[in-house]
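**Student:** fold the following.
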Amino acid sequence: MRSKMLVLTASCGEMLVLLILGSEMDSSERSTIRSEQKSRKFLKSLIRKQPRDLLLVIGTGVSAAVAPGIPALCSWRSCIEAVIEAAEQLEVLHPGDVAEFRKKVIKDRDLLVVAHDLIRKMSPRTGDTKPNFFQDCLMEVFDNLEQHIQNPVVLQSILRLMERGTMVLTTNYDNLLEIFGQQQGKPMESLDLKDKDKVLQWARGHIKYGVLHIHGLYTDPCGMVLDPSGYKDVTQDPEVMEVLQNLYRTKSFLFLGCGETLRDQIFQALFLYTVKNKVDLEHYMLVLKENEDHFFKLQADMLLHGIKVVSYGDCFTQFPEYVEDLTAQICKQRSPDADQVDSTTLLGTSCVDCAKRKLGENGTDSPKRIKHSDNGIPTI
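**Tutor:** Numbers count the residues shown, from 1 in each chain. The predicted structure follows:
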């Protein structure tokens, strides 16, 4: 392949090198370059969000990218298969049940139902979550997590956003984010929906490095979830539900590594079924685009829930780098606290009307400067 090199001198004294590709480039190379260029495009409506206006929803894809050496972290299916394997080795599940659940994992489309059935099978017949063998199986599957962190790029990006006020909840049972954060000296805290006071503090933004596990955490049997009925105390508590639903109305949720989250019964009970006018919301979901027809259908379907589906590429290995670049773009935004609302600013972090409306909702018409009179009494 022939190419010409054109060198221009930038005004700042730096040398800008432009590589002009020759006409003999084959179609596959052109396609690859176009694909790479497209994968680095970001929605302006997303990258112009302030970190504190975002709430990250972490799914199994994040764990799979961070610790690829643990198959159970790759997907819900892999997790269920690993738990069944552990149950068989620990002899806490009848061989007949082991065979039956393995068939279900292969045949059943709704893996969340299979997971809930599996949890129930290894729990007391009273329906309580403590004690249960499911936790023992998870501890077997997730043993020595900290030793399996191979690619922390996504976790670094998440922590960077958390430092700037982004909130985080997860459907995962693992605590990879908390482990890594603690290694970086951050005061990480794992939360679950059973602790009302902690949930309220987190939802109101008072626990900066808190991670809400809506399914519970494998190290704490008291917070493990059987199904939505296990959270009746939460879903029937108007104070808690109002605070959680308000997050879905006022924050922009960014789904990372999530495949089955919107079909998750707990997530649906907390957000999807209870928040009205979802089409007026603006949430985002990063997904792998393996099939164009499926991808664009998903885009259309998710808009009904107020969710914009964005492709990070056609290969899972592109996910960490995309999240890293996206985070860098978001963190570049200037905080609106640094400036007053400028009616001449176009396409800022939010439109002028939205900014005025938010100010109005907070009970103020516009930022006002406090002056002091000669006698020292502050005046507006």
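**Student:** how much space separates F134 from V234?
**Tutor:** 20 Å (Cβ to Cβ, to the nearest Å). Glycine gets a C-beta too; all of them are placed from N, C-alpha and C.
**Student:** same question, L298
**Tutor:** For L298, the distance to V234 - Cβ to Cβ - is 29 Å.
**Student:** pick out whichever of those two has more residues nearby.
**Tutor:** More crowded of L298 and V234, by other Cβ atoms under 10 Å: V234, with 20 against 17.
**Student:** ok, and the closest non-adjacent residue to that one?
**Tutor:** L193 (4.9 Å; Cβ to Cβ, 6 or more residues apart in numbering).
**Student:** can you check R52 too?
**Tutor:** G165 is the one closest to R52 (Cβ to Cβ, 6+ apart), at 3.1 Å.
**Student:** surely I84 is within a helix?
**Tutor:** Yes. Using DSSP: H, G, I helix; E, B strand; the rest coil, the secondary structure at I84 is a helix.
**Student:** give the burial count for it, as a bare number.
**Tutor:** Counted with other Cβ under 10 Å, the neighbours of I84 add up to 22.
**Student:** so it touches V92, yeah?
**Tutor:** No. With contact defined as Cβ atoms under 8 Å, I84 does not reach V92; the gap is 10.7 Å.
**Student:** where does pLDDT dip in the stretch 51-200 of the chain?
**Tutor:** In the predicted model, the stretch 51-200 of the chain carries pLDDT under 70 at residues 125-131.
**Student:** so where do the helices sit in it?
**Tutor:** Assigned by DSSP state H, counting those that start in this stretch, the stretch 51-200 of the chain shows helices spanning 60-66, 76-90, 95-107, 111-121, 133-141, 153-163, 176-183, 196-203.
**Student:** buried residues, the last one. List them.
**Tutor:** Across helix 196-203, burial judged by 16 or more other Cβ atoms under 10 Å covers 198-203.
**Student:** and if you look at stretch 319-334?
**Tutor:** 319-323, 325-327, 329-331, 333.
**Student:** narrow these to those in strands?
**Tutor:** Judged by DSSP state E, strands contain none of the buried residues of stretch 319-334.
**Student:** could I get the residues you listed as TSV with pLDDT?
**Tutor:** TSV is the format used below for the buried residues of stretch 319-334 (pLDDT from 0 to 100):
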residue	pLDDT
F319	96
P320	96
E321	96
Y322	96
V323	97
D325	96
L326	97
T327	97
Q329	95
I330	96
C331	95
Q333	78
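**Student:** mind listing which of the residues you listed are in helices?
**Tutor:** Residues of the buried residues of stretch 319-334 located in helices (DSSP state H): 319-323, 325-327, 329-331.
**Student:** which among those residues gets closest to Q150?
**Tutor:** P320 (10.7 Å; Cβ to Cβ).
**Student:** tell me the contacts of the closest residue to the closest one other than its chain neighbours?
**Tutor:** Leaving aside its sequence neighbours, P320 sits nearest to V153 (Cβ to Cβ, 6+ apart; 4.1 Å). With contacts defined as Cβ atoms under 8 Å, 6 or more residues apart in numbering, V153 is in contact with 65, 320-321, 323-324.
**Student:** can you pull out the helices in the stretch 251-380 of the chain?
**Tutor:** Per DSSP H, counting those that start in this stretch, the stretch 251-380 of the chain carries helices over the ranges 265-267, 292-303, 319-331, 352-361.
**Student:** so which elements touch the longest one?
**Tutor:** On a contact count with 3 or more Cβ pairs under 8 Å, 6 or more residues apart in numbering; DSSP states H and E, helix 319-331 meets helix 44-47, helix 60-66, helix 153-163, strand 283-288, strand 307-313.
**Student:** at 6 Å what do you get?
**Tutor:** helix 153-163 (3 or more Cβ pairs under 6 Å, 6 or more residues apart in numbering; DSSP states H and E).
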